[in-house]
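Chemist: pasting a predicted model and its sequence here:
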Amino acid sequence: MQKTLVFLLLLIINFYSWVKADEIRDFEIEGISIGDNALDYFKKETIDSNTSYYPNSKKIWRYLIVLKDKEFDSLQVHMKMENNKYIIVGIAGLIYFYDKKVSYNKCIKKRSTIVNDLEKSLKSTEKSDEERDTVQDDKSGKSYVLGIYFDFKDDFSEYVKIACTFYTEKYTEETGWPDYLRLALTSTEFHNWLSGPAFK
């Protein structure tokens with residue numbers, strides 16, 4: 001099956017066409033899919049100099065790139081080394097909302113648009129109810145995430161996640177991080193690694 005341009009078109013007016021997607025690899029964010037070699041899109045030197053790792057394992061690492069004149073403000077790519085290639089196991093596009101007075105309404109509205117259009121393509125894929133989680137790094141417990149999932153597997157290990165993250169004013173002042181929408185593609189390998197070796 002040819003890869004759909006779902007996410008490339010996601011924020012363009014009217015969403016011109018849809019193709020039924022059967023698996024996570026059928027989707028793209030800014031033209032990039034899970035399973036692709038990141039070196040086909042980015043220079044190795046650039047990735048290596050901007051890499052960050054999780055606490056307990058370097059098997060999978062992440063690369064954040066700021067975008068210009070794209071649908072998303074930045075792109076977060078998770079990858080692993082395989083046969084001298086940087087194979088992508090997870091990818092997310094982020095849209096930032098800097099004005100807290102309107103960030104909630106803008107993010108939820110954008111999320112609703114994305115979810116409604118994904119439902120047209122993913123008719124046989126299970127969609128979750130809205131799930132609320134706290135931001136663990138904010139010790140006040142007042143920053144939170146509102147996410148919706150489209151699950152491709154019965155064990156919920158492979159999914160598309162569309163989520164809005166809302167920080168308190170204090171936490172944003174401390175970190176410099178604005179509220180944001182995150183549209184993420186997560187493979188089973190990445191999910192299982194995050195749930196285990198990455199932090200344990």
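Modeler: Perfect, I can see it now.
Chemist: touching, Tyr171 and Gly141? I think so.
Modeler: No - the pair Tyr171 / Gly141 is not scored as a contact, 10.6 Å apart, by CB atoms under 8 Å. In this view, the C-beta of every residue, glycine as well, is placed from N, C-alpha and C.
Chemist: compare the two (neighbour count), which wins?
Modeler: Neighbours per residue, other CB atoms under 10 Å: of Tyr171 and Gly141, the larger number sits with Tyr171, 18 against 10.
Chemist: and the more buried one, backbone torsions?
Modeler: phi -70, psi -40 (degrees, to the nearest 10).
Chemist: OK, contacts around it?
Modeler: Residues counted as contacts of Tyr171 (CB atoms under 8 Å, 6 or more residues apart in numbering) are Val135, Asp138, Ser140, Lys142, Ser143, Trp177.
Chemist: next, Trp193: phi, psi?
Modeler: According to degrees, to the nearest 10, Trp193 has phi -70, psi -40.
Chemist: so it sits against Ile60, correct?
Modeler: Yes - look at Trp193 against Ile60 with CB under 8 Å: they come within range, at 5.4 Å.
Chemist: list residues touching both of those two?
Modeler: Val89.
Chemist: for the strand or helix carrying Asn116, C-alpha coordinates in CSV please.
Modeler: Per DSSP states H and E, Asn116 falls inside helix 100-121. Output of helix 100-121 as CSV, limited to C-alpha atoms (Å, rounded to 0.1, in the frame of the first residue of the first chain):
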residue,chain,number,x,y,z
LYS,A,100,-2.1,30.8,27.4
LYS,A,101,-5.3,32.9,27.2
VAL,A,102,-6.2,31.1,24.0
SER,A,103,-4.0,28.0,24.0
TYR,A,104,-6.6,25.7,25.4
ASN,A,105,-9.4,26.5,23.0
LYS,A,106,-7.0,26.6,20.0
CYS,A,107,-5.3,23.3,20.8
ILE,A,108,-8.6,21.4,21.5
LYS,A,109,-10.1,22.8,18.3
LYS,A,110,-7.1,21.7,16.3
ARG,A,111,-7.1,18.3,18.0
SER,A,112,-10.9,17.8,17.2
THR,A,113,-10.3,18.6,13.6
ILE,A,114,-7.5,16.0,13.3
VAL,A,115,-9.5,13.4,15.2
ASN,A,116,-12.6,13.9,13.1
ASP,A,117,-10.7,13.5,9.9
LEU,A,118,-8.7,10.5,11.1
GLU,A,119,-12.0,8.8,11.9
LYS,A,120,-12.9,8.9,8.2
SER,A,121,-9.8,7.0,7.4
